[in-house]
Structures are given as structure tokens and as C-alpha cells.
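Visitor: kindly generate the corresponding structure for this input.
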Amino acid sequence: MKTIEDVQQYKDVQQYFEQKSREYGSKKAFFASKEYAAIYPAVKAIYDKYHARQTTTAMAALKENGIAVGDRVYAPAYGWAGRVIGGVVIIRNGLPYVRFDEPTMTTAGLRRFMRWHKGWGK
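Guide: Predicted structure coming up:
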């Protein structure tokens, strides 16, 4: 992958960024470059298309499972001896999330929110 014109998919953008970050020495240096500023509109268009598809898919899955925004949902907390985590479905940046009733430790650390997935039910 040599130029931004070769990039069509979101995963390709990520690979392109990794390649350029190595060339510039860091991601921060690449994002501060004039080259990044010049390609930003093309990257933004690819991301917007990807995000719209993700939003449509996620909202369809939510509806398919009979869950609406504002519904209370629960999921088992594996490894916590039968503990169940609860929360409310909200929308963040167009995607369904669960806002926990209380901050909860996850594999990613202490969280207040998590992306909704099919493991969350009423």
C-alpha cells in the first residue's frame, strides 16, 4: 500500500496509518504532518461510510432482539460467581451502549459504559 488512493476500506486506512506511523516514527508525528492534513477528507469519507454501516447493523440487531433505547438490560458477569451486571441502553455517537448501574471492572479496566451486544438481554 503506497498511497491513500489505494485505500478503500476502514481496515485499509488502519494499515495505511500503521505504515505511515513507522515512516514518521510515531502516529502522533504522522497525524501532525501536512501529509495527513491533505488526506484527511478522504479518510473522513471512508470512516463516515464505515460508521454509517456499523450504526445501521447495530440498531438492526438491537431491534431484532426486542430491545429499545432506554430499556434496562442485564448480562452475566463471568468469573464473578453468578453476579449479573445491569444497565440502561443509551446511544453514544450513533451506536447502542449500555450505561452500567455502577462502575464495573472489565478486561479493559473500570468502565461505566460498554458497547451493547447480543449477550445483553432484558
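Visitor: who touches the helix or strand hosting Asp101?
Guide: Per DSSP states H and E, Asp101 falls inside strand 95-106. The contact list for strand 95-106 (CB atoms under 8 Å, 6 or more residues apart in numbering) reads 54-55, 58-59, 62, 69, 73, 75, 77, 85-91, 110-116, 120. All C-beta atoms are positioned from the backbone trio N, CA, C, and that covers glycine.
Visitor: gap between that strand and the chain center?
Guide: 14 Å (CA atoms, centre = their mean, to the nearest Å).
Visitor: buried residues of it, list them for me.
Guide: Leu95, Pro96, Tyr97, Val98, Phe100, Thr104 (16 or more other CB atoms under 10 Å).
Visitor: beta partners of the third one?
Guide: Think Tyr97. Note on Tyr97: beta-bridge partners by DSSP bridges are Ile90, Arg115.
Visitor: contacting residues for Gly87?
Guide: By CB under 8 Å, 6+ apart, the contact list for Gly87 reads Arg72, Val73, Tyr74, Val98, Arg99, Phe100, Asp101, Met114, Trp120.
Visitor: apply 6 Å and report the result again.
Guide: Remark: with contacts taken as CB atoms under 6 Å, 6 or more residues apart in numbering, Gly87 is in contact with Val98, Arg99, Phe100, Asp101.
Visitor: in stretch 83-91, what counts as buried?
Guide: Neighbour-count burial for stretch 83-91 flags Ile85, Gly87, Val89 (criterion: 16+ other CB under 10 Å).
Visitor: now swap in stretch 63-82 and tell me
Guide: Asn65, Ile67, Asp71, Val73, Ala75.
Visitor: same check, this time on stretch 35-54
Guide: By neighbour count with 16+ other CB under 10 Å, stretch 35-54 contains the buried residues Tyr36, Ile39, Val43, Ile46.
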